[in-house]
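# Below: sequence and its predicted model.
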Amino acid sequence: MNILIDQGASDDFLSKGQLLPQDLVKAVDETKAKTGLSVTYREQEGYDHSYFFILSFIQDHIIHHAKALLGKN
């Protein structure tokens, strides 16, 4: 199973160290042989933590989850 993460590169929470997506990516990478998990991390330039960010990438996430539910991921 693959985890999809989109992160706004201009997110204030990221720049202040309040979000640590790299920790999740590292943990998944370190345990993927045991768990079968993988992660796709996409840092999106020009986006912050806004509704517009969510609106811009929600379709990718709906498709990603639909594939997982259908066993095609």
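Structure's in. What do you need?

# hey, let's count contacts and neighbours off CA atoms from now on
Noted.

# what about the longest helix along the chain, distance to the chain center?
In the chain, with assignment by DSSP state H, the single longest helix is helix 51-69. Centroid separation between helix 51-69 and its chain, computed with Cα atoms, centre = their mean, to the nearest Å, is 10 Å.

# and the residue of the chain most remote from its centre, which of the three is it?
In terms of distance from the mean C-alpha position of the chain, residue 34 ranks first, at 20.5 Å (Cα atoms, centre = their mean). For residue 34, the assignment made with DSSP: H, G, I helix; E, B strand; the rest coil gives helix.

# quick one: buried residues of the helix or strand hosting residue 25?
Per DSSP states H and E, residue 25 falls inside helix 21-35. Under the neighbour-count criterion of 16 or more other Cα atoms under 10 Å, helix 21-35 has 21, 25, 28 buried.

# Can you give the distance of that helix from its chain's centre?
Computed by Cα atoms, centre = their mean, the chain-centroid distance of helix 21-35 equals 13 Å.

# ok, now stretch 50-57?
Distance, centroid of stretch 50-57 to centroid of chain: 13 Å (Cα atoms, centre = their mean).

# Can I get it in CSV, CA atoms only?
The C-alpha trace of stretch 50-57 is given here as CSV (Å, rounded to 0.1, in the frame of the first residue of the first chain):
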residue,chain,number,x,y,z
SER,A,50,-5.0,26.9,2.5
TYR,A,51,-8.3,25.7,1.0
PHE,A,52,-6.9,26.5,-2.4
PHE,A,53,-4.1,24.0,-1.8
ILE,A,54,-6.6,21.3,-0.9
LEU,A,55,-8.8,22.2,-3.8
SER,A,56,-5.8,21.9,-6.2
PHE,A,57,-4.8,18.4,-5.2
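
# List the contacts of it.
Under the criterion Cα atoms under 8 Å, 6 or more residues apart in numbering, residues 6, 8, 47 lie in contact with stretch 50-57.

# Just the buried residues of it, please?
So, applying 16+ other Cα under 10 Å, buried residues of stretch 50-57: 53-54.
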